[in-house]
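**Student:** Below is the sequence, then the predicted model.
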Amino acid sequence: MAICSAHTTTISLRSPCTTTVSNAAAGLVQKQVIFLTSINRRSGSRRRGGGVSRTLLQVSCSADGNKPVVIGLAADSGCGKSTFMRRLTSVFGGAAEPPRGGNPDSNTLISDTTTVICLDDYHSLDRTGRKEKGVTALDPRANNFDLMYEQVKAIKQGQAVQKPIYNHVTGLLDPPELITPPKIFVIEGLHPMFDERVRDLLDFSIYLDISDEVKFAWKIQRDMAERGHSLESIKASIEARKPDFDAYIDPQKQYADAVIEVLPTQLIPDDDEGKVLRVKLIMKEGVDKFNPVYLFDEGSTISWVPCGRKLTCSYPGIKFAYGPDIYFGNEVSVLEMDGQFDRLDELIYVESHLSNLSTKFYGEVTQQMLKHADFPGSNNGTGLFQTIVGLKIRDLYEQIVAERAGAPVEAAKV
Ligand SMILES: Nc1ncnc2c1ncn2[C@@H]1O[C@H](COP(=O)(O)OP(=O)(O)OP(=O)(O)O)[C@@H](O)[C@H]1O
Ligand SMILES: O=C(CO)[C@H](O)[C@H](O)COP(=O)(O)O
């Protein structure tokens with residue numbers, strides 16, 4: 001049943017009749033509701049309107065009566081946001097698809113539980129506009145943070161919005177699309193934590209921190225193999241973005257509740273292939289409803305090479321590390337994995353040594369990883385840590401829902 005918030009004094013409510021109107025400035029979609037407040041005692045029939053019994057309210061309704069939990073995911077382009085979103089959606093048990101019957105170039109993905117919007121849709125300058133002004137899409141001047149704030153706030157309050165669409169195919173700003181409040185609202189893109197007002201709306205935030213070497217290897221793999229770009233043009237595009245990336249995107253990681261840092265391996269001396277990765281999951285301590293994952297013993301400093309009888313490891317092997325650290329002045333726990341799995345089903349052995357995973361049953365991490373074995377990063381720490389963060393977000397969501405229902409639950413400790 002939809003639960004609605006009223007903007008005027010509450011009255012005794014009966015069968016509301018709704019019409020949708022728009023507040024174009026903020027792209028808000030609101031419902032005007034005429035409530036039937038007076039009952040004809042003799043006939044028992046309800047009268048609408050007329051005199052004192054007619055009341056006009058503006059209300060907004062979320063699909064299930066809950067206001068969405070809002071998650072921010074920041075990363076540069078081509079750094080694995082889409083892959084991460086597919087893993088997250090899968091943890092909630094569904095597949096995400098573009099809005100039905102909408103713009104075929106929409107950047108939005110919707111599943112039963114989640115709606116993921118891409119913040120590129122808040123570009124205020126289209127491709128030509130950016131070229132004329134000589135700014136990149138990473139520059140705040142090319143983005144409308146006021147509208148981003150208004151709309152994320154509205155969604156968080158349970159109101160639908162008409163969100164603009166940036167069309168990556170044409171480079172133009174297309175007519176807006178309707179976004180209704182889901183259970184979990186994810187804003188992914190270049191700047192989810194750049195604007196303090198938007199940042200404050202986030203219930204949880206993640207930053208995908210891909211080192212330059214790895215970013216370059218991934219870009220080459222995708223843009224050369226799949227998009228026909230030349231090596232020179234890929235290098236030039238990375239170089240052109242670098243100053244703005246350093247100025248506006250990278251600093252956001254200091255605000256993230258969880259950072260997934262992807263670095264070249266340390267297991268192969270002078271590796272320049274970029275195929276074997278060293279991945280760190282940096283988890284902020286003291287975040288409400290978020291218990292960092294740990295290896296063996298919470299708070300200890302641990303180095304673990306699990307390659308023995310239970311885990312098949314070919315060269316260069318696998319190494320885990322865990323321990324406390326300080327990150328941008330904040331206390332964090334860091335879980336690290338260097339190397340890659342030979343056999344994904346054996347991940348259960350590693351999973352059984354990790355705690356606070358927020359799984360619902362023994363082996364859920366391994367099951368999720370096996371389910372998406374074909375996704376990039378499934379044999380290394382990127383896939384493993386993305387899956388774990390997905391489970392932590394599910395746990396956070398369930399705690400928030402339980403708390404709102406008046407039954408606070410302890411975070412899952414599995
Ligand atoms: N964990 C990973 N391991 C190896 N390669 C990866 C990984 N994640 C992403 N990639 C590579 O990077 C490419 C981009 O990934 P993805 O589409 O998930 O990124 P994105 O941030 O959503 O990109 P964009 O913003 O450009 O749409 C993939 O096609 C793949 O080549
Ligand atoms: O950094 C980006 C985020 O995905 C894009 O480069 C940005 O949105 C500009 O888009 P386009 O490549 O269509 O000009």
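**Tutor:** Nice, thanks for sending it over. Ligands and ions are numbered 1, 2, ... in the order given.
**Student:** all contacts plus neighbour counts: C-alpha atoms, from now on.
**Tutor:** Will do.
**Student:** Count the residues that sit near whatever residue of the chain ends up closest to ligand 2.
**Tutor:** Nearest residue of the chain to ligand 2 (Cα to the nearest ligand atom) works out as residue 168 at 3.9 Å. Neighbouring residues of residue 168 were enumerated by other Cα atoms under 10 Å; the total is 15.
**Student:** need the residues of this protein near ligand 2, please.
**Tutor:** Residues of the chain found near ligand 2 (Cα under 6 Å from any ligand atom) are 77, 120, 127, 137, 168, 171.
**Student:** quick one: the strands in the stretch 301-414 of the chain?
**Tutor:** 302-304, 318-327, 330-339, 354-355 (DSSP state E, counting those that start in this stretch).
**Student:** In three-state terms, how would the residue of the chain closest to ligand 2 be classified?
**Tutor:** Secondary structure state of residue 168, per DSSP: H, G, I helix; E, B strand; the rest coil, is coil.
**Student:** how close does the nearest residue to it once chain neighbours are set aside get to residue 166?
**Tutor:** Closest residue in space to residue 168, ignoring its immediate chain neighbours: residue 105 at 7.4 Å, by Cα to Cα, 6 or more residues apart in numbering. In this structure, residue 105 lies at 9 Å from residue 166, with Cα to Cα, to the nearest Å as the measure.
**Student:** And the helices in the stretch 151-300 of the chain?
**Tutor:** Ranges of helices in the stretch 151-300 of the chain, per DSSP state H, counting those that start in this stretch, are 196-199, 212-219, 225, 231-244.
**Student:** comparing these, which gets the lowest mean pLDDT score?
**Tutor:** Sorting these by mean pLDDT places helix 225 lowest, at a mean of 74.
**Student:** can you give me how far that helix is from the chain middle?
**Tutor:** Put simply, helix 225 sits 27 Å off its chain's centre (Cα atoms, centre = their mean, to the nearest Å).
**Student:** and among the strands of the stretch 301-414 of the chain, the most buried is which?
**Tutor:** strand 330-339 (a mean of 23; mean count of other Cα atoms under 10 Å).
**Student:** Work out the sheet partners of that strand and label each with its direction, please.
**Tutor:** In the sheet, strand 330-339 lines up against strand 277-284 (antiparallel), strand 318-327 (antiparallel) (DSSP bridges).
**Student:** So for residue 35, what pLDDT did the model give?
**Tutor:** Residue 35 is assigned a predicted lDDT (pLDDT) of 31.
**Student:** for residue 82, same thing?
**Tutor:** On the pLDDT scale, residue 82 gets 89.
**Student:** Can you read off the backbone torsions of it?
**Tutor:** Main-chain dihedrals, residue 82, degrees, to the nearest 10: phi -60, psi -40.
**Student:** Report how many residues lie close to it.
**Tutor:** Residues near residue 82, counting by other Cα under 10 Å, number 16.
**Student:** quick one on the thing from earlier: Serialize the strands of the stretch 301-414 of the chain to JSON lines and add fields for distance to residue 270.
**Tutor:** Putting those into JSON lines (distance: least, Cα to Cα, whole Å) gives the following:
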{"stretch": "strand 302-304", "distance to residue 270": "22"}
{"stretch": "strand 318-327", "distance to residue 270": "17"}
{"stretch": "strand 330-339", "distance to residue 270": "15"}
{"stretch": "strand 354-355", "distance to residue 270": "30"}
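**Student:** what about the residue lying closest to residue 135 once chain neighbours are set aside, distance to residue 264?
**Tutor:** Leaving aside its sequence neighbours, residue 135 sits nearest to residue 142 (Cα to Cα, 6+ apart; 7.0 Å). From residue 142 over to residue 264 the distance is 32 Å, taken as Cα to Cα.
**Student:** Within range of ligand 1, give me the residues from the stretch 101-250 of the chain.
**Tutor:** So far as Cα under 6 Å from any ligand atom goes, the stretch 101-250 of the chain lies against ligand 1 at 218, 221, 222.
**Student:** Buried ones from the residues you listed, can you make that a ChimeraX selection?
**Tutor:** Buried residues within these, by 16 or more other Cα atoms under 10 Å, are selected in ChimeraX with:
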select :218
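**Student:** which one of the residues of the stretch 101-250 of the chain next to ligand 1 is nearest residue 299?
**Tutor:** When those are compared for distance to residue 299 (Cα to Cα), residue 218 comes out closest, at 33.8 Å.
**Student:** Next up, the contacts around that closest one.
**Tutor:** 78, 79 (Cα atoms under 8 Å, 6 or more residues apart in numbering).
**Student:** Then residue 88?
**Tutor:** Residue 88 neighbours (Cα under 8 Å, 6+ apart): 386, 387, 389, 390, 391.
**Student:** re earlier: and the strands paired with strand 330-339 as CSV, adding mean pLDDT and distance to residue 109?
**Tutor:** CSV is the format used below for the strands paired with strand 330-339 (pLDDT from 0 to 100; distance: least, Cα to Cα, whole Å):
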stretch, mean pLDDT, distance to residue 109
strand 277-284, 97, 26
strand 318-327, 97, 32
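**Student:** Can you add distance to residue 271 and give those strands back as JSON lines?
**Tutor:** Below are the strands paired with strand 330-339 laid out as JSON lines (distance: least, Cα to Cα, whole Å):
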{"stretch": "strand 277-284", "distance to residue 271": "10"}
{"stretch": "strand 318-327", "distance to residue 271": "15"}
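**Student:** To ligand 1, which of the ones you listed lies closest?
**Tutor:** Closest to ligand 1 of the strands paired with strand 330-339, according to Cα to the nearest ligand atom: strand 277-284, at 8.4 Å.
**Student:** Need the CA coordinates for that closest one. CSV is fine.
**Tutor:** Once non-C-alpha atoms are left out, strand 277-284 reads as follows in CSV (Å, rounded to 0.1, in the frame of the first residue of the first chain):
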residue,chain,number,x,y,z
LEU,A,277,45.5,-7.2,-9.6
ARG,A,278,46.0,-6.2,-6.0
VAL,A,279,42.7,-4.9,-4.6
LYS,A,280,42.0,-3.3,-1.3
LEU,A,281,38.7,-2.9,0.4
ILE,A,282,39.0,0.2,2.7
MET,A,283,36.1,0.3,5.1
LYS,A,284,35.5,3.3,7.4
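**Student:** just to revisit the earlier point, neighbour count for residue 105 and residue 166, which is higher?
**Tutor:** Using other Cα under 10 Å as the criterion, residue 105 and residue 166 rank with residue 166 on top: 26 against 14.
**Student:** Please report how far that one lies from ligand 1.
**Tutor:** According to Cα to the nearest ligand atom, to the nearest Å, residue 166 stands 13 Å off from ligand 1.
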